[in-house]
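*Asks:* Provided below for reference: sequence and predicted model.
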Amino acid sequence: MAESFAFELVSPEKLLLSEQAMQVVVPGTEGYFTVMANHAPVMATMKPGVVEVELESGDKKRILIRGGFADVSPDGLTLLAEYAADLADFDIEELNQQIKNASEDAQDADSDIKRDKAQLILSQLEDAKSAIEQTN
Amino acid sequence: MPSLKDLKNRISSVTATQKITKAMQMVAAAKLRRAQMAAEEARPYSERMAKVMANISSAMEGREGVSPLMAGTGSDQVHLLIVATAERGLCGGFNSSIAKMAREMTRRLQGEGKQVKLFMVGKKGVDAMKMEFSSLMVEKVDFREVKRIDFANAEGVGKKILSMFEEGEFDVCTLFYSEFQNIMTQIPTAQQLIPAIAPQKEEGEGSEVFYEYEPDEEEILSELLPRNISVQVFRALLENGASEQGARMSAMDSATRNAGEMIDALTLSYNRQRQAQITKELIEIISGAEAL
């Protein structure tokens, strides 16, 4: 039996999850990585994607996040997410709407910098969508 | 001497006012609970954020090429003051104490020959300061239409601050808001946002841990610092929200009590006057009967 570790997911609005977890898959900017107990301390940025949590109780949770930071310390894993929603009660329509908004932003952008930024957000949202579709 | 009718009118109007202040107090109490909860729920994020910041800034210590958000622009000639107040009045000294603090700071900076720009969040602050400093206001934001402040609102403010900073419009940025202590006390606070004051690591707290960074420290820091601005603004707005309701609650409580005292006094003089009138009429009747 593997060890469990403290896992916390916080968004600016509130503490979403604080439980013991067996394993957490984090969507890092430079690739997904899995955190288990006694992971070496890492600080990483996250891209939009799906966090997969396996709780100590054996329950699995899949949570969509839109960027943020992951902090793996000896005490456990803390995810600072900009936005987080449990996929169990998540509306794919909402994401589609956001993608639509982002693509409109990209088209309306009046400077290269803005356009690049909108494109980046758009591609990240699409990544998130494909991540959801893959895991479904 | 007001007539009986006048007194009666005054009593009923004060009673109506008392009902209003009582209702406002109860509404504020309900809103306060919600605002306080929101402020408390947001606390873990900013605490974790501060921890991450402390970690990274200690890793970056003594290195070159630190972002100007942290190191400053090397000058402190132009100050941006962000003054966050409420949208509504009738909340005791809440708005005026924030405005007063900002006004003192503005005068002091101007006295030192610095340039001051004002970024007003909330309508009441604008009202309080426009007499004197309307020419300094570069930006105004109000959340009158927003029912519940969420992170997106704060992010909007944060982004404006950042784009102004990137365009070199100011060197130092200070945020004014009111920290919620409890219902009776709210402390007007000034907090420096840019250059960021790195939170100090607590003694012996994981200091010997060697972190790996992915991507490297600089890149993380360059993402973290702008976010930190938004987080601080968000925290300030939430603290303000709770403070506002707390201040309103206690202001309305004393207004209700005051109205009660006024009603008592008015009722007393009303009764006295009525009695005087009855006595007067009796005297008239008796003296009329005696004259016969």
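*Replies:* Looks like it came in fine.

*Asks:* Show me what residue of chain B gets nearest to chain A.
*Replies:* residue B:41 (3.5 Å; CB to the nearest CB). No exception for glycine: its C-beta is placed from N, CA and C like everyone else's.

*Asks:* which stretch of helix or strand covers that residue?
*Replies:* Element membership for residue B:41, per DSSP states H and E: helix B:4-60.

*Asks:* sec struct for the residue lying closest to residue B:151 once chain neighbours are set aside, please.
*Replies:* Excluding the flanking residues, the one nearest residue B:151 by CB to CB, 6 or more residues apart in numbering or on different chains is residue A:12, at 4.0 Å. Three-state call for residue A:12 (DSSP: H, G, I helix; E, B strand; the rest coil): coil.

*Asks:* which residues does residue A:12 contact?
*Replies:* Going by CB atoms under 8 Å, 6 or more residues apart in numbering or on different chains, residue A:12 touches A:82, B:42, B:45, B:151, B:154, B:230, B:231, B:234.

*Asks:* quick one: contacts for the most centrally placed residue in chain A?
*Replies:* Centroid check for chain A by CA atoms, centre = their mean gives residue A:65 as the closest residue, at 3.1 Å. Contact analysis of residue A:65 by CB under 8 Å, 6+ apart lists A:27, A:46, A:48, A:49, A:50, A:51, A:79, A:81, A:82, A:83, A:84.

*Asks:* Of those residues - the most surrounded one?
*Replies:* Compared across those, residue A:79 has the highest neighbour count, 28 neighbours, by other CB atoms under 10 Å in any protein chain shown.

*Asks:* my read: residue B:77 touches residue B:171, true?
*Replies:* Yes - shown here, residue B:77 and residue B:171 form a contact pair, counting by CB atoms under 8 Å, at 5.9 Å.

*Asks:* Could you pull up the contacting residues of residue B:44?
*Replies:* By CB under 8 Å, 6+ apart, residue B:44 lies in contact with A:8, A:10, A:14, A:15.

*Asks:* Could you rerun that using 7 Å?
*Replies:* Counting by CB atoms under 7 Å, 6 or more residues apart in numbering or on different chains, residue B:44 touches A:10, A:15.

*Asks:* Distance check, residue B:246 against residue B:239.
*Replies:* Distance of residue B:246 to residue B:239, given as CB to CB, to the nearest Å: 10 Å.

*Asks:* Averaging pLDDT per element, find the lowest-scoring helix or strand in chain A.
*Replies:* helix A:112-135 (a mean of 72; mean pLDDT, DSSP states H and E).

*Asks:* List of residues touching that one?
*Replies:* Helix A:112-135 has contacts (CB under 7 Å, 6+ apart) with A:47-50, A:62, A:64, A:66, A:87, A:95, A:98-99, A:102-103, A:105-106, A:109.

*Asks:* Restricting to C-alpha, output it in CSV.
*Replies:* Extracted as CSV, the C-alpha positions of helix A:112-135 are listed here (Å, rounded to 0.1, in the frame of the first residue of the first chain):
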residue,chain,number,x,y,z
ASP,A,112,0.0,41.9,-32.5
ILE,A,113,0.6,41.5,-28.8
LYS,A,114,-3.1,41.3,-28.0
ARG,A,115,-3.6,38.9,-30.8
ASP,A,116,-0.9,36.6,-29.6
LYS,A,117,-2.2,36.7,-26.2
ALA,A,118,-5.8,35.9,-27.3
GLN,A,119,-4.4,33.1,-29.5
LEU,A,120,-2.5,31.7,-26.5
ILE,A,121,-5.7,31.7,-24.4
LEU,A,122,-7.6,30.2,-27.2
SER,A,123,-5.1,27.4,-27.7
GLN,A,124,-5.0,26.7,-24.0
LEU,A,125,-8.8,26.5,-23.8
GLU,A,126,-8.8,24.1,-26.7
ASP,A,127,-6.1,22.1,-25.0
ALA,A,128,-8.4,21.9,-22.0
LYS,A,129,-11.3,20.8,-24.2
SER,A,130,-9.3,18.1,-25.9
ALA,A,131,-8.0,17.0,-22.5
ILE,A,132,-11.5,16.5,-21.3
GLU,A,133,-12.5,14.7,-24.4
GLN,A,134,-9.6,12.4,-24.2
THR,A,135,-10.3,11.4,-20.6
